[in-house]
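1. when you get a sec, could you give me coordinates for this:
(2 chains)
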Amino acid sequence: MVAAGAERMKLLVIEDDREAAAYIAKGLSESGYVVDCAADGREGLFMATSGAYDALIVDRMLPQMDGLALIAALRSAEIRTPVLILSALGAVDDRVKGLRAGGDDYLTKPFAFAELLARLEALLRRGTGGAATTKLKVGDLEMDLLARTVTRSGHELDLLPREFRLLEFLMRHAGQVVTRTMLLENVWDYHFDPQTNVIDVHISRLRQKIDKGFAKPLLHTVRGAGYQLRAE
Amino acid sequence: MTRLLRTNAFRMAALYLALFAASVLALLAFIYFSMAGFIEQQAEATIRAEMRGLREQYDQRGLTGLVEVVQARSAAPRGNSLYLITDPALAPVVGNLDGWPPNRDVRPSWITFAVESPAHNGEIDNVVASVSVLPGGFHLLVGRDLRDADAFRRRITTTLGWAALLTLALGVAGGLFMTRNMLARVEAVNRTSARIIRGDLSQRVPLTGSGDEFDQLADNLNAMLDQIERLMLGMRQVTDNIAHDLRTPLARLRARLEVTLLERPDVNRYGEALRETIAEADRLLGTFNALLSIAEAEAGARRENMAVVDLAAIARSVAELYEPVADEKGLAFTVEAEPGIAVQGDRHLLSQAVANLLDNALKYTPEGGVNLTLRRAGNLIRLEVADTGPGVPADRRESVFDRFVRLEGSRSTPGNGLGLSLVRAVAKLHGGEVWLEDNTPGLKAILTLPAADSPALPRTRAAA
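-> Sure, this is the predicted structure:
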C-alpha cells in the first residue's frame, strides 16, 4: 500500500497501553511504515517536536500529559504534522473537541486495523493534492469540479448530486482504501452506524454508472476494509 | 427550639412580627398624641373664654366688679377651674388658690404647675393656666386642673400598653404557628428525602392539594424523583440486558475459538475462524455502541448539543441515504416533507432516529412501499414512516420499544433489537413521543416532536 522504493514514511504512536501500542506498531510496520512509540504524553510531545514524523497517532488519554493538550502544544509550536486521535470516547462532541484541539482525524477505540490504515493513508496524502484543484482524473475518468460534470473516455456520465460527492471523495483519495465509515462521515456527515449496509448500495449504484460497459473497472471492493478507486 | 430559631421561616416570622409591632406602635402613638393634645387644647380654649369674660367684667365694672365675680366663682366647691387675683406684690386678693404658684412667670403667658387638690385628699393635680396683668399691677390667673385629662391620658396609656402587649403576643403566637406549619411541610420533604436516601426510591413527597409554593416544590421534587427512578430503571435494564444479550454472543464467540483450537491445525480453517470471530466481535461492538447511545440519549447528557435544526432537511438527507436500498428491493419510496420544519434538537441523534425508522421499514417490507411524511400539526411536528410490511401485532407495539426485543419472525433479519429503543430515547430527549400504529396493511411509526417555536418546549415532558 505504501509506495515501494520511496523513502518510507515515519510514524509516531503515542499510546500508554503497551499491548495496544505494540499491536498498532506491528501492524503499521507490516504495512511498510517506520514506527516509533512513546508511552506517555511528555515523551510523546518531546519526540514529536523534533518534526521528524510524517504523522502522529495519539491516544486521547495519556499519563503525564493529556492527548489533546499535547496536540494543542504541538500546534502552538507551529508543528503541522498530521495527527490521528485514538479515543475510547466516541460521542460526537468528544470528536468535535478532538478536532478542535488540532487533530486531523478521530478514530474511536476499538477500531478495525484496516480503518486505521485507511485513515492514516488519507492523512499522509492530504498535503500533496493542492487546494485549488478544479479537475480530478483517475485513468480515463475525469471530473470537472467547476462545471460539475463527470466523463469517462469522453462520455458524459449522469450523476445525482450525492453520487457526484461520493465519487469526488473517492477520486480525491484515488489509490487509497476508503472505508464505509470514512464515506459515511465525509460524504454524508453521519457519525452513526446504519444497520443496513447502505453505503454498499450507494457504491454499487455508482459502480453501475462509472464502470458498466467499460472493460477495466475503476471502483474496487477491498475485502474487509472498504473500497478503492484506482486506474491500473 | 434552637432548631426553630435557626430556621428561615422563624426569621421571616420574627421580621414580620417586628414590622407589624412597629406599625401598630406608630399607630397607637399617633392616637395617643392626637387625643392628649385634643384634651389640652380644649382646656386652653375654656381658659381663653373665661379670661375673655373676666377681662370684659373688668372693663365694665373695674377691679371691684372683677373681684366680685371671681369671689363668686371661687366660693363654690372647687371644680376644675382655678382663679387667683393678686396685688402687684403677688399677695392673694381673692381666688381659690392659696398663693401664686412658686417660681412661675408673672408676665402674661401660659404656665403649668402642680397643686394639691382638696377634693381628692390632697392629691396633686396638674394645672394649666393663663396669666394676665391688669392695669395697676394686679395679676389675674385663670387655670384648669388637668385631673380628667390626666386620668384620660393614663387610661389611654394603659390601653395602648395592653394593646401593644396583645399585638406582641398575637404576633409571636401567629409567627410560631406559621413557622411550625411551614417547618412541618419542610419536615415532610426532609423525611421523604431521608427515606429515599435509605434506599426506598418509590417514596414521594405528599401534596396538600393547595397548589401553593410548597405543593409546587413537592411536585417538582416528585417529578425529579420520577425522572431519577426512570433513569435508575433504565440503568438496571441496561445492566440486565448486557448480562443477557451480550453474554450469549460472547459465549458463542468463545466456543467457536475453543472448538477451532481443538481441531487439527489448519491455516485455512484458522483464518476462517478468526475472520468469523472478528465479525462477531464487530457485531458485539455495534450492539455495545448502540446501548451506549441509548443510555446517553436517555440520560439527557447531550442536551447541550441542542440547536434549532431543520427536521425536513434531516429527513430528506436520511431518506436520500436509504433511497437506493428501497430501489434495490423494488419498493416504492416516497418522501413528503413540508419545507422548513424547525425543531430544537441534536442533528446527529435526530438523523439516527429517522434512519432507524427507515431502516426498519425497508428491512421488514418485502414488497409494496415505504412512505415518509413530515408535517406540522399545531405545536407538534409529526414524522410518519408507513410501510406495507407484515406490521406488528397490536399487543407487541409497545414492547418492541424495549431493548433487545425482536419479533419472532424477524430473527433471521440482521439487527440487534435496539433500533426502536434508540428512537424512543431520542424522542424523549427532545420532549417528544414515538409509537406504532396499524397502517392497514403494514406498520406506521409516528414520531412527534415539539416545534422549535412551541411554548411547551423548555421542559422535557415526563412521558410515561
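2. need the residues of chain B near chain A, please.
-> By the rule Cβ under 8 Å from any Cβ of the partner chain, the part of chain B lying against chain A is B:275, B:278, B:282, B:285-286, B:289-290, B:292-293, B:296, B:302, B:304-305, B:317, B:320-322, B:324-325, B:327-328, B:348, B:351-352, B:355-356, B:359, B:362-363, B:414-416, B:419. Bear in mind the C-beta positions are built from the backbone N, C-alpha and C, glycine included.
3. which among these end up buried?
-> B:285, B:289-290, B:293, B:296, B:302, B:317, B:321-322, B:324-325, B:348, B:351-352, B:355-356, B:359, B:362-363, B:415-416, B:419 (16 or more other Cβ atoms under 10 Å in any protein chain shown).
4. and B:Leu311, how far from A:Arg162?
-> Separation of B:Leu311 from A:Arg162 (Cβ to Cβ, to the nearest Å) stands at 19 Å.
5. close to chain B, is the lowest-mean-pLDDT helix or strand in chain A?
-> When the helices and strands of chain A are scored by mean pLDDT, DSSP states H and E, helix A:92-100 comes last with a mean of 85. Yes - Helix A:92-100 comes into contact with chain B (Cβ under 8 Å from any Cβ), by way of A:Val92, A:Asp93.
6. buried residues, that helix. List them.
-> Quick answer for helix A:92-100 (16+ other Cβ under 10 Å): A:Asp94, A:Arg95, A:Lys97, A:Gly98.
7. from the chain's centroid, how far away is the helix or strand where B:Gln237 lies?
-> B:Gln237 belongs to helix B:213-241 when elements are defined using DSSP states H and E. Relative to its chain's centre, helix B:213-241 lies at 21 Å (Cα atoms, centre = their mean, to the nearest Å).
8. what helices and strands are in contact with the very next helix or strand once past that helix?
-> Scanning forward in sequence from helix B:213-241 by DSSP H and E, the next helix or strand is helix B:247-262. On a contact count with 3 or more Cβ pairs under 8 Å, 6 or more residues apart in numbering or on different chains; DSSP states H and E, helix B:247-262 meets helix B:267-299.
9. just the CA atoms of the helix or strand following the helix it packs on, as PDB, please.
-> The helix or strand immediately downstream of helix B:267-299 is strand B:307-310, counting by DSSP H and E. The C-alpha coordinates for strand B:307-310 follow below in PDB (Å, rounded to 0.1, in the frame of the first residue of the first chain):
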ATOM      1  CA  ALA B 307     -29.800  23.700  18.400                       C
ATOM      2  CA  VAL B 308     -32.600  24.700  16.100                       C
ATOM      3  CA  VAL B 309     -32.400  22.300  13.200                       C
ATOM      4  CA  ASP B 310     -34.400  21.800  10.100                       C
END
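10. which residues touch strand B:307-310?
-> B:Gly340, B:Ile341, B:Ala342, B:Val343, B:Gln344, B:Gly345, B:Asp346, B:Arg347, B:Leu350, B:Ala452 (Cβ atoms under 8 Å, 6 or more residues apart in numbering or on different chains).
11. how much space between the fifth one and B:Gly431?
-> Using Cβ to Cβ, one gets 8 Å for the distance from B:Gln344 to B:Gly431.
12. do the same with A:Ala39
-> A:Ala39 is 47 Å from B:Gly431, by Cβ to Cβ.
13. these two - which one has more neighbours?
-> Taking neighbours as other Cβ atoms under 10 Å in any protein chain shown, A:Ala39 and B:Gly431 compare with B:Gly431 leading, 21 against 17.
14. contacting residues for A:Arg95?
-> A:Tyr106, A:Thr108, A:His191.
15. neighbours of the second one, how many?
-> For A:Thr108, the tally of surrounding residues (other Cβ under 10 Å) stands at 20.
16. who's it bridged to?
-> Taking DSSP bridges, one obtains A:Ser87 as the residues bridged to A:Thr108.
17. show me where chain A has strands.
-> For chain A, the strands defined by DSSP state E occupy A:10-14, A:34-38, A:55-59, A:83-87, A:105-108, A:135-138, A:141-144, A:149-152, A:155-157, A:177-179, A:219-222, A:226-229.
18. correct me if wrong, but B:Gly340 is in a strand.
-> No - B:Gly340: not assigned to a strand; according to DSSP: H, G, I helix; E, B strand; the rest coil it is coil.
19. now do it, the pLDDT please.
-> According to the prediction, B:Gly340 has pLDDT 81.
20. correct me, but A:Ala88 touches A:Gly67?
-> No - with contact defined as Cβ atoms under 8 Å, A:Ala88 does not reach A:Gly67; the gap is 11.2 Å.
21. please identify which of those two sits among more neighbours.
-> Counted by other Cβ under 10 Å, A:Ala88 and A:Gly67 do not tie: A:Gly67 has more neighbours, with 25 against 11.
22. avg pLDDT for stretch B:168-188?
-> Across stretch B:168-188, the average pLDDT comes to 80.
23. flag every buried residue along it.
-> B:Gly171, B:Gly175, B:Met178, B:Thr179, B:Arg180, B:Met182, B:Leu183, B:Arg185, B:Ala188.
24. residues in contact with the residue nearest to the last one when sequence neighbours are not counted?
-> Leaving aside its chain neighbours, B:Ala188 sits nearest to B:Pro206 (5.9 Å; criterion: Cβ to Cβ, 6 or more residues apart in numbering or on different chains). Taking Cβ under 8 Å, 6+ apart as the contact definition, B:Pro206 lies against B:Ala188, B:Thr192, B:Ala218.
25. repeat that with 10 Å
-> Contacts of B:Pro206 were listed using Cβ atoms under 10 Å, 6 or more residues apart in numbering or on different chains, and they are B:Arg185, B:Ala188, B:Val189, B:Arg191, B:Thr192, B:Asp215, B:Ala218, B:Asn222.
26. report the central residue of chain A.
-> A:Arg119 (2.4 Å; Cα atoms, centre = their mean).
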